[in-house]
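Enquirer: just need the structure, nothing else, for what follows:
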Amino acid sequence: MSSHKVSLYLAVLLGATCVIGWAQVPPQPIPLPSLPKSQSPPRLINPSGAPNFGFSAVPVGSLSVTLSWQAVPGATGFVVYRDGNVIGSLPPTTFAFVDRTVKPFGRYSYHLLASGLTQVVNGHSTVIPVGSPTIVVDVPPPVVPNGFSAQLIGASVKLTWNPVLEASAYEIDFGGHTVRVPSNAPPSVTDSAPNNRDASYAIRTLVQASDGSVTAGYWSNRLTIRVRPFVLVVAGDSIMWGQGLSTPHKFSSMFRQYLASVLSGRSLQVFDHSHSGAILGLEPDVDNATGHAEVTSVVTGEIPDSYPSIPRQALVIAQRDLQTSRLQPDDVDLVLIDGCINDVDVGTLLNPTAHDNQIASVTVDYCNRRMSTTLSQIHSAYKNAKVLVTSYYTIVSLTSDPLWVYGWVGALGFVPAVAPVGAIAAPAVWTAAVGHSKTFFNASDSMLQTAVLSANTVAGVPYAKLVRPAFQDMNAFAAPQSLVWLMPIPPTPPNLFDEMFAARQSICNQAQLLSNCRVASAGHPNAAGASMYANALIPAVSEYVPVWRAQFSMTSQLPSH
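Expert: Modelled structure (predicted):
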C-alpha cells in the first residue's frame, strides 16, 4: 500500500473512532492473556499446621538456664541455638537442655529447631527444619544470702548467714572495709572491733561463671546492731544521791539493776554526779572552796555543797564523760534528775521564824521556772533521751514526833539544842516545821508538774515525766512508819544510824566542817524509802521498755526476702 493510502486509512480510522454523528466514544480496554498455572506464586502446604514445641527457657539461679520442650512427631533431632549460635544438638528422645555458660545480669535469646520433618512445598515433599518461637531470657544476679544476722558477744559482733548453693564466696561490708569469706568456709565472720556505738553491715554473694570470671551480686540492706551501752545520766541533790545510803541501797542503783534486767543483761553506762547540797541555782556556778567556776570533783556526795549545780552536773560534766567514753550526746537514753529543795533550803523549812508565803514564792520560782529551763536545756543537749523528774515528800508531818523535830531544829542552830523541861517550845517548833513542810510539798509538787508540762509543750514531744514516790504523812521524819533517817547522834539507837554515818563523820572531822555535816542524812529516805522511789520509777518507764529492748537486743537480723 502506498504511503498516501496508509495516511488516508489512518485518518478514516481515527475519525470513525473519535466522531460518529458528533458523539464521543470512549476507548475500549484491551484484554490480557491469562498466565499458565505453572507460573502461580509458590506457597507452603502443611495441612496439619506447625508443630507445638511447648518450648520454654527458665533461669535457674544466676549461672544456668534450663530449656525444655515436648516431643515433636517425626522429628529426628533437636538443635538448640543461643543468640544465633548452636550450643547443643540432641537426639529426638531428649526434651531438655541446661545452658551452664551464662553469666549473671546477662540477656540471651534461645531458639529450637526440630530436624527431619516432612513438608509439602508446591506439591513436592521436602525435609526442612521447623523452629520454635524465640525466647529472650534475663539471667538474674546472684541472690543475697538469707538469714543475715548479727549477734553481740562481749565487745565483738558475730555475723552469720544461710549459704547460697552457687556461691563461690561472700563479701561483707564492715562499714568502711570489706571481708571476703570463701564458700567452703563456715558461713560466719566476727568483727572484733566494731563501731562503739551502732555497728552496720551488708553482705553480697560472689559467683564464678564457667569461663572463670567472678560476678558480685547486689549488696543486702544494711544490718545495724547497737553496740554501745545503755546510757543513763543522773543529776540532782541529796535525795537523788541517796544521802546516808550505801551504794546498793540507793534508789538509782536499784533502778539501774531493773534496767539491766529488762535489757537482757546489756551493759549500762552511768554518769552520776549528783551530790548532797546541789542547787538548780540562778547565780554563777562557783566552787565554794576555790571561788572558781570550774568543774571539780567532790570528795564524796555525802558532804553538802552547792557546787557543782544540777544543770552543770547534767550538761557540762556529763558531756565530758561522754567524750571520754567516745559517745555522743545523742547516745544518752535516759536522764534522772531532781532539784529545787536546796534552793528553797531545808533550813528554811525548819526555821520557826520563816514565813509560808516566802517559802511558796521561792518554791514557785525554782521548782517551776528554773526546772523548766533546765529540762529544755537537757532536751536540746540529749535529743533522744527520756527524762524522769523525781518529786519530794512531806518532810515533817502531823504524825512526826515533836521532840525529834525540836532536836533536829536545834542541831541546825535555830533553837537551843535541848528544850527546857516542861517548856512549850517543842510543840511551837513542831507546828512551824509541819506548816512549812506542807507548804513546800504542795507548791513543789505542783510546780514541778507545771515545769514538766511546759517543757514538753515547748519541745512538741512528751519526753519528760514527773515521778512521785508514794510517801504518806505517816512516812515523814520521826513518824510512826517513817521512811526517812532520824538524827544519827546519841541517844539514837545504833540500828537507826544511817549507813554512811561513820565514813561521813570521819570526813567532816578531817575537813573541820560544821556539825550539821555529821547529821546531814536526817530527813532523807532510808533503805525502805529508797525502795519507794525505785518502785515509782519502774512503771514510769514501762512504755519505753519495749523500744529499748528492740534497740538493745543482743541479736539483729534482716528479714527474709
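
Enquirer: if I look at Ser306, how far off is Thr394?
Expert: 24 Å (Cβ to Cβ, to the nearest Å). Just so you know, the C-beta spots here come from the backbone N, C-alpha and C atoms, and that holds for glycine as well.

Enquirer: swap in Pro145?
Expert: In terms of Cβ to Cβ, Pro145 sits 63 Å off from Thr394.

Enquirer: and for Tyr201?
Expert: Applying Cβ to Cβ to Tyr201 and Thr394 gives a distance of 55 Å.

Enquirer: where are the low-confidence patches of the stretch 1-150 of the chain?
Expert: 1-50, 119-121, 123, 125-126 (pLDDT under 70).

Enquirer: where exactly do the helices run in the stretch 351-500 of the chain?
Expert: Using DSSP state H, counting those that start in this stretch, the helices found in the stretch 351-500 of the chain span residues 356-364, 371-381, 402-411, 425-459.

Enquirer: can you list these in JSON lines and add mean pLDDT?
Expert: Formatted as JSON lines, the helices of the stretch 351-500 of the chain follow (pLDDT from 0 to 100):
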{"stretch": "helix 356-364", "mean pLDDT": "95"}
{"stretch": "helix 371-381", "mean pLDDT": "97"}
{"stretch": "helix 402-411", "mean pLDDT": "89"}
{"stretch": "helix 425-459", "mean pLDDT": "95"}
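
Enquirer: could you save those helices as TSV and add columns showing distance to Arg180 and mean neighbour count?
Expert: Formatted as TSV, those follow (distance: least, Cβ to Cβ, whole Å; neighbours: other Cβ atoms under 10 Å):
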stretch	distance to Arg180	mean neighbour count
helix 356-364	66	17
helix 371-381	42	20
helix 402-411	73	22
helix 425-459	47	20
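
Enquirer: what count of nearby residues applies to Phe105?
Expert: Applying other Cβ atoms under 10 Å, we find 13 residues neighbouring Phe105.

Enquirer: secondary structure class of it, three-state.
Expert: Following DSSP: H, G, I helix; E, B strand; the rest coil, Phe105 is assigned to coil.

Enquirer: who touches it in this structure?
Expert: Going by Cβ atoms under 8 Å, 6 or more residues apart in numbering, Phe105 touches 139-141, 215.

Enquirer: do that again at 6 Å, thanks
Expert: Pro141 (Cβ atoms under 6 Å, 6 or more residues apart in numbering).

Enquirer: and the gap between it and Thr215?
Expert: From Phe105 to Thr215 the distance is 7 Å (Cβ to Cβ).

Enquirer: check Val434 too.
Expert: 83 Å.

Enquirer: between Ser306 and Thr394, tell me which one has more neighbours.
Expert: Thr394 (23 against 20).

Enquirer: wait, Gln481 sits on Asp473?
Expert: No: look at Gln481 against Asp473 with Cβ atoms under 6 Å: they stay out of range, at 9.5 Å.

Enquirer: between the two, which is the more surrounded one?
Expert: Shown here are Gln481 and Asp473; by other Cβ under 10 Å, Asp473 has more neighbours (19 against 11).

Enquirer: assign the residue lying closest to Val270 once chain neighbours are set aside to helix, strand or coil.
Expert: Leaving aside its chain neighbours, Val270 sits nearest to Leu232 (4.8 Å; criterion: Cβ to Cβ, 6 or more residues apart in numbering). For Leu232, the secondary structure call by three-state DSSP comes out as strand.

Enquirer: please name the bridge partners of Leu232.
Expert: According to DSSP bridges, the partner residues bridging Leu232 are Val270, Leu334.

Enquirer: tell me the confidence at it?
Expert: We note a pLDDT of 98 for Leu232 in this prediction.

Enquirer: and for Arg468?
Expert: 97.

Enquirer: excluding chain neighbours, give the residue nearest to it in space.
Expert: In space, and not counting its chain neighbours, Arg468 is closest to Ser391: 4.9 Å by Cβ to Cβ, 6+ apart.

Enquirer: ditto for Leu90
Expert: Leaving out its chain neighbours, the residue that sits closest to Leu90 by Cβ to Cβ, 6+ apart is Phe78, at 4.6 Å.

Enquirer: same check, this time on Gly131
Expert: Distances taken as Cβ to Cβ, 6+ apart place Leu113 nearest to Gly131, at 4.8 Å, with adjacent residues excluded.

Enquirer: contacts only, for that neighbour.
Expert: Counted by Cβ under 6 Å, 6+ apart, Leu113 has contacts 79, 129, 131.

Enquirer: recalculate using a threshold of 8 Å.
Expert: 78-79, 81, 129-132.

Enquirer: so which residues of the stretch 101-250 of the chain form helices?
Expert: 238-241.

Enquirer: quick one, strands of it?
Expert: 107-121, 124-131, 135-138, 149-153, 156-160, 169-173, 178-182, 188-191, 198-208, 214-216, 223-226, 230-235 (DSSP state E, counting those that start in this stretch).

Enquirer: may I see the buried residues of the second one?
Expert: Residues of strand 124-131 classed as buried by neighbour count (16 or more other Cβ atoms under 10 Å): 129-131.

Enquirer: ok, of those residues, which one's closest to Ser400?
Expert: Gly131 (105.4 Å; Cβ to Cβ).

Enquirer: state the distance from the closest one to Leu334.
Expert: Counting by Cβ to Cβ, the gap from Gly131 to Leu334 is 73 Å.

Enquirer: what's the answer for Ala540, then?
Expert: Note on Ala540: its distance to Leu334, by Cβ to Cβ, is 10 Å.

Enquirer: got any residues that touch both of those two?
Expert: Listed contacts common to Ala540 and Leu334 are Leu388; contacts here mean Cβ under 8 Å, 6+ apart.

Enquirer: the two: which is more packed in?
Expert: Between Ala540 and Leu334, counting by other Cβ under 10 Å, Leu334 is the more crowded of the two (23 against 17).

Enquirer: hang on, that one packs against Ala385?
Expert: Yes: between Leu334 and Ala385 there is a contact under Cβ atoms under 8 Å: 5.9 Å.

Enquirer: list the contacts of Lys438.
Expert: 394, 397.

Enquirer: that one and Val181, how far apart?
Expert: 70 Å.

Enquirer: what is the burial count for Asn122?
Expert: Neighbours around Asn122, by other Cβ under 10 Å: 12.

Enquirer: contacting residues for the closest residue to Thr215 other than its chain neighbours?
Expert: The spatially closest residue to Thr215, leaving aside those adjacent along the chain, is Pro104, at 4.6 Å (Cβ to Cβ, 6+ apart). Residues in contact with Pro104, defined by Cβ under 8 Å, 6+ apart, are 62-63, 139-142, 207, 209, 215, 217.

Enquirer: phi, psi for the residue found closest to Asn384 once you drop the neighbours it is linked to in the chain please.
Expert: Closest residue in space to Asn384, ignoring its immediate chain neighbours: Asp330 at 5.3 Å, by Cβ to Cβ, 6+ apart. Main-chain torsions, Asp330, degrees, to the nearest 10: phi -70, psi -10.

Enquirer: what's the separation between Asp330 and His379?
Expert: 12 Å.

Enquirer: check Leu232 too.
Expert: 16 Å.

Enquirer: got it, and Arg468?
Expert: Distance from Arg468 to His379, by Cβ to Cβ: 21 Å.

Enquirer: mind giving me the domain ranges of the protein?
Expert: 50-138, 149-226, 230-555 (automatic domain parsing).

Enquirer: how about Ile341, what does it touch?
Expert: 237, 239, 392, 440, 444.

Enquirer: now render those residues as CSV, adding distance to Thr93.
Expert: Output for the contacts of Ile341, formatted as CSV (distance: Cβ to Cβ, whole Å):
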residue, distance to Thr93
Asp237, 93
Ile239, 91
Tyr392, 94
Phe440, 100
Ser444, 95
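
Enquirer: tell me the mean pLDDT for the strand or helix carrying Ile507?
Expert: Assigned by DSSP states H and E, Ile507 belongs to helix 501-511. Average pLDDT, helix 501-511: 81.
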